[in-house]
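Asks: quick one, structure for this:
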Amino acid sequence: MAPIKLKPLSSSRQRILIKAGLTLVLSGLMLFQGACTTLNRRAVPAADISPCHVIYDAGSSSTRLFIYQHTSSGWVKHSGPKTAALADPVRGIRGKTLADTPAVVDDIVTALDDIRNIGPPAKNGKPGWPGFDWKERCRVESVMVLGTAGMRLAEQIDRVATDALWSLLNQRLGSALERPVITRTLSGYEEGLFAWLAIREGLDNDNFGVAEMGGASLQITFPCARCEGSKMVRVKDRVVSVFSHSFLGWGQDEAWKKFGHSPACAHAAGLTNPDWQTSDCTAGAVEFEKVAAETESLVINTDGLRWYLSDAFRYMQDNDIDRFCRQGIDGGFEKDSSCFRAVYLHNVITALGLPADAEAVDADWTLGAVICTATQCLDTR
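Replies: Numbering: from 1, shown residues only. Got it, this is the predicted structure:
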């Protein structure tokens, strides 16, 4: 029998076969790695599984995932990935358009898997997040994506597009978790209240107020039975009348857009102009001082409260104005707006009538949201 002669393969056919072979190899490696990952995960005893609340902070500059684990010693916060701001496609900022909506939503959903493993190194070389396998460690009791001032601004721009964005996120996140989820924009009152509740968790009394500086809004919250707009809130074992007001559009990023680009607010403004004064920069904040006047009066006439500062306020240092405005030092974070932020944050504290001894605290409103959800804090009937 004559030997069979094989026809040489064309170069294109060779490439196809090579590509197919590589695909099979890579698939095998992925299956092997997946098997190893599964084998390395140890079963968690039922007694060690805790009730957990999954919450996304859909802020004006980014969306951040947190999982709060309720243990016998209190709430334990597990931080996760940071993705694009949910409002960006509607607001048309940071290079996003409405066409980017599905991708932004998908990244938020994917963060639920990403948080289970240690995050990639951040700029400082430390892991982006420590990793928390909530599927093994948690009995999930609630899942929420809560938008703050950035989403309130998006609603003003295009309510229809914003509603469609929330609907898509609700559908995809609910499908991924196979359970109902809450996806909505917080009111300004809620945003301030949740920051207050987060601080209250570590205190033994209600006699305090908090000012919270975000990127798109500023909130001030304190107990006040006589203040118009106060609401009854369930706090631990009692009901408290709490006042909370939000200044939409006066967060540090939005204020920067309003008047921060003035030469008097530029980085090193006091270095290039020896006659520079902080009032040269705050001249643009006169409008805020006007809208804050009524709240300032309430603060001044409410005695006996200790005051706390949260969010962006907690990064303030007493020498920030000298460093960023008069000396021109680069602090390593948003250099161009550093002098403005130093001046503006101090100006806001003064305009609101807050005392000089107000204390900066590292409290996150997302804890307050979880506490309010668990206790139904606004349902005091």
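Asks: do you know how far the nearest residue to Arg238 once chain neighbours are set aside is from Ile199?
Replies: Once flanking residues are discounted, Arg238 sits nearest to Asp206: 8.0 Å by C-beta to C-beta, 6 or more residues apart in numbering. Quick note: C-beta positions are derived from backbone N, CA and C, even for glycine. With distances taken as C-beta to C-beta, to the nearest Å, Asp206 is found 10 Å from Ile199.
Asks: again, but for Leu218
Replies: Plainly put, Leu218 is 16 Å away from Ile199 if you go by C-beta to C-beta.
Asks: more neighbours: which of these two?
Replies: More crowded of Leu218 and Ile199, by other C-beta atoms under 10 Å: Leu218, with 31 against 23.
Asks: let's verify that one: helix, strand, or coil?
Replies: strand (DSSP: H, G, I helix; E, B strand; the rest coil).
Asks: contacting residues around the closest residue to it other than its chain neighbours?
Replies: With sequence-adjacent residues excluded and distances taken as C-beta to C-beta, 6+ apart, Leu218 is closest to Phe247, at 4.4 Å. Phe247 sits next to Ser217, Leu218, Gln219, Phe288, Val291, Ala292 when contact means C-beta atoms under 8 Å, 6 or more residues apart in numbering.
Asks: does the fourth one touch Ala255 like I think?
Replies: This points to Phe288. Yes. Between Phe288 and Ala255 there is a contact under C-beta atoms under 8 Å: 7.2 Å.
Asks: the more surrounded of those two?
Replies: Higher neighbour count among Phe288 and Ala255: Ala255, with 28 against 22, using other C-beta under 10 Å.
Asks: pretty sure that one sits against Leu345.
Replies: No. Using C-beta under 8 Å, Ala255 is not in contact with Leu345, being 9.7 Å away.
Asks: tell me where the stretch 1-150 of the chain has helices.
Replies: Secondary structure of the stretch 1-150 of the chain by DSSP state H, counting those that start in this stretch: the helices cover 11-40, 88-91, 101-114, 134-137, 149-157.
Asks: in stretch 342-350, what counts as buried?
Replies: Buried residues in stretch 342-350, counting neighbours by 16 or more other C-beta atoms under 10 Å, are found at Ala342, Val343, Tyr344, Leu345, His346, Asn347, Val348, Ile349.
Asks: pLDDT (mean, whole number) over it?
Replies: Average pLDDT, stretch 342-350: 96.
Asks: repeat for stretch 59-70
Replies: For stretch 59-70, mean pLDDT is 96.
Asks: could you say which helix or strand holds Gly368?
Replies: helix 365-375 (DSSP states H and E).
Asks: residues contacting that helix, please?
Replies: Outside of helix 365-375, the residues within contact range by C-beta under 8 Å, 6+ apart are 53, 55, 57, 66, 68, 70, 75, 77, 141-142, 144, 146, 186, 190-191, 193-198, 200-201, 212, 234, 310-311, 377-378.
Asks: what residues of it count as buried?
Replies: Trp365, Thr366, Leu367, Gly368, Ala369, Val370, Ile371, Cys372, Thr373.
Asks: most widely separated two among these?
Replies: Farthest pair in the buried residues of helix 365-375 (C-beta to C-beta) is Trp365 and Thr373. Separation: 12.5 Å.
Asks: what mean pLDDT does stretch 167-178 have?
Replies: Averaging pLDDT along stretch 167-178 yields 97.
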